[in-house]
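**Student:** using only what follows, build the 3D model:
(one chain, ligands or ions: 1)
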Amino acid sequence: MSLHRLPRFAVALAALWLGLIGTVQARPIEAIQKSGTLIVATEGQFAPFNFFQGKTLTGFEVELAEALGQRMGMKVEWKTIGFDALLTGLQADRWDMVIASHGITDERAKAVTFADPHYCSGGVIVAKSGGAKTATDLAGKVVAVQTGTTYLDNVKKLAGVKDVKNFPADNNARAALQSGRVDAWVTDKFLAKAALLAEPKSGLQIGEFLFVERIAPAVAKGNAGLAKAVNQAMAKLMADGGYAALSGKWFKEDIRCK
Ligand code: ARG
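**Tutor:** Purely as a prediction, here's the structure:
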């Protein structure tokens, strides 16, 4: 082997090795049960799904994951981190599960294993009253979205949009709209509804529903045992009224996939 090929070979070996331990490392359900604690990561900046009320992490997804933990006979330990780092943290075995409103996409499904969806939603256009309402209205307009989201992917596909501006958190995208730095904001349908309900004087309007997505918790790629336990707990919650109560509390409607 010539010298200059060696590093490449070494890199390929290291990648293979990392790939292997990447799948072996994820804590199997037996180990999680034994420890008594499920480690769950979320963003904490996506109200009313996951957010901080003062110093307390709360929201629909936070309470839902705690109810799931309860059904699985374990406590939940929370980690919060930027949206972009959540799924990669699963691959590095920094936590067992992520619940942060991730839509199931083919791309993400290559890297992680999704459990059954905990709600169905999609992206809507939000603008100042009198502003853009439909996808066609967005022609020539500047749109704000959170980095790494399905909103970004879907707005990029729209013809004629002048510019798509990325923000680290969805709140930042909203702030950009309110301060007039952008013409529209694309975000989750239920989030937009709740935001406008909480602030009737925001001067914002909800426009067209752009796309539908199934939102699910994620576990490390191939951690089938944990995914199965989560699915069983979710099915119980959906059957025994626990899910309906949580959804009603946060959204005044049942947002499960129909
Ligand atoms: N549903 C969108 C997606 O799948 C946005 C999720 C944003 N979640 C968050 N915690 N900020 O990309």
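**Student:** CA only for contacts and neighbour counts going forward, please
**Tutor:** Noted.
**Student:** pLDDT below threshold where in this structure?
**Tutor:** 1-24 (pLDDT under 70).
**Student:** helices along that one, start to end?
**Tutor:** Applying DSSP state H to the chain gives helices spanning 6-25, 29-35, 60-71, 86-91, 106-111, 150-156, 170-178, 189-198, 224-239, 242-251.
**Student:** take these and write them to TSV, including distance to the ligand.
**Tutor:** As requested, the helices of the chain are exported to TSV (distance: least, C-alpha to the nearest ligand atom, whole Å):
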stretch	distance to the ligand
helix 6-25	23
helix 29-35	24
helix 60-71	10
helix 86-91	9
helix 106-111	9
helix 150-156	4
helix 170-178	6
helix 189-198	9
helix 224-239	18
helix 242-251	16
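**Student:** tell me the spacing between Ala67 and Trp185.
**Tutor:** Using C-alpha to C-alpha, to the nearest Å, Ala67 is found at 32 Å from Trp185.
**Student:** of those two, give the one with the bigger neighbour count.
**Tutor:** Set side by side, Ala67 and Trp185 show more neighbours around Trp185, with 31 against 21, by other C-alpha atoms under 10 Å.
**Student:** which residue does the stretch 1-150 of the chain have closest to the ligand?
**Tutor:** Thr149 (3.2 Å; C-alpha to the nearest ligand atom).
**Student:** what sits against that residue?
**Tutor:** By C-alpha atoms under 8 Å, 6 or more residues apart in numbering, Thr149 lies in contact with nothing.
**Student:** equivalent analysis for Lys228, please.
**Tutor:** Here Lys228 is in contact with Ala115 (criterion: C-alpha under 8 Å, 6+ apart).
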